[in-house]
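Colleague: sequence and predicted structure are below.
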Amino acid sequence: MSLSLEGKVAVITGGASGVGLGIAHEFAAAGASVVITDLEQQALDAAAAAVGPTCTGIVADVTRLADMQAVYRQVEERYGRLDAVVANAGIGAHAPLDAITEEQFDRTFDVNGKGVLFTVQPALALLPPGGTVVVIGSTASIRPPRGMSLYGGSKAAVRAFVRAWIQDIKGSGVRMNILSPGAVDTDSLRSALAMAQGADQVDAAVRTMGEGNPTGRIADPREMGRAAVFLSSDASSFVTGVELFADGGMAQV
Ligand code: NAD
């Protein structure tokens, strides 16, 4: 069994922070050359420096097809190949039914739905047999929390995308899977908690979230990275179309 990504080239969207950065660390540790994309060069430079010399950053907005086409052009020029794509960039805002705005709907589905589609579609021409796509979903695809219908709906949408896409690409040898985290201890989770409950309550709120999980804690971003390495490596060679919940069991009980 090989969990190595030695010699492989990977693109990870939204890789400058949080889950995407955790994935970039683990892909680099598994031997991959990693291209992270995100909205700002400065954040990308800091993230790439933290990951190491096999990681570089390219500014690209996943909601713009032309940006993603440019990313893959640069990857082809620089490395001559592409083996793995992780469609990780995503957003989620608290929006109860009676308060959802048109702007919130458009923004959520633009980034989480259209962004995933136009991360994957222009990569297809480069991905060889054995190539992989991992779409970062969420437990919200099956258990959307109160006030998170837009987010949960967008994550259920990409779960359905992948079910259809593995049929569309039949014969290509490319595998596609969803990796769905539960709560992950990221800066964005902590700032959302600070806004909702006050900065001095964040550690307690993270502990409480953990206590509600069968494992007794929430995840570290690098644990999502290791699950993504599995789905992108030959160790999962007959795994395609699944939604792998890396949630500590939270949505399974
Ligand atoms: P995050 O905000 O820390 O990271 C998301 C990154 O995506 C940011 O760096 C952001 O700049 C980037 N991004 C946002 N819009 C973009 C766009 N249009 N184009 C390119 N990049 C863009 O959030 P995170 O928690 O690391 O979330 C990453 C993924 O994990 C998302 O898909 C999210 O839904 C999923 N997820 C996170 C959690 C959690 O608890 N943190 C739980 C379940 C699922």
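Modeller: Arrived safely.
Colleague: and the protein, which residues reach the ligand?
Modeller: 13-14, 16-20, 38-39, 61-63, 88-92, 111, 115, 136, 138, 181, 183-184, 186-189 (C-beta under 6 Å from any ligand atom). Every residue, glycine included, has its C-beta placed from N, CA and C.
Colleague: of those residues, select the buried ones using a ChimeraX command.
Modeller: Only the buried entries of these go into this ChimeraX selection, using 16 or more other C-beta atoms under 10 Å:
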select :13,14,16,17,18,19,20,38,61,62,63,88,89,90,91,92,111,115,136,138,181,183,184,186,189
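Colleague: tell me which of the residues of the chain next to the ligand fall in helices.
Modeller: 18-20, 115, 187-189 (DSSP state H).
Colleague: wait, which of these is closest to residue 238?
Modeller: Residue 238 lies nearest to residue 19 out of those, by C-beta to C-beta, at 25.5 Å.
Colleague: and that closest one, what does it touch?
Modeller: By C-beta atoms under 8 Å, 6 or more residues apart in numbering, the contact set of residue 19 is 88, 136, 181, 184, 186, 221, 224.
Colleague: do you know how far the residue sitting nearest the centre point of the chain is from residue 146?
Modeller: What sits nearest the mean C-alpha location of the chain, by C-alpha atoms, centre = their mean, is residue 88, with 2.1 Å. Applying C-beta to C-beta, to the nearest Å, the value for residue 88 to residue 146 is 25 Å.
Colleague: in a helix, residue 133, correct?
Modeller: No: read with DSSP: H, G, I helix; E, B strand; the rest coil, residue 133 is strand and lies in no helix.
Colleague: what about it, distance to residue 45?
Modeller: For residue 133 relative to residue 45 (C-beta to C-beta), the value is 26 Å.
Colleague: can you count the residues close to residue 232?
Modeller: Residues near residue 232, counting by other C-beta atoms under 10 Å, number 29.
Colleague: give the contact list for it.
Modeller: Contacts for residue 232 were tallied using C-beta under 8 Å, 6+ apart; they are 5, 8, 10, 27, 83-84, 86, 132, 134.
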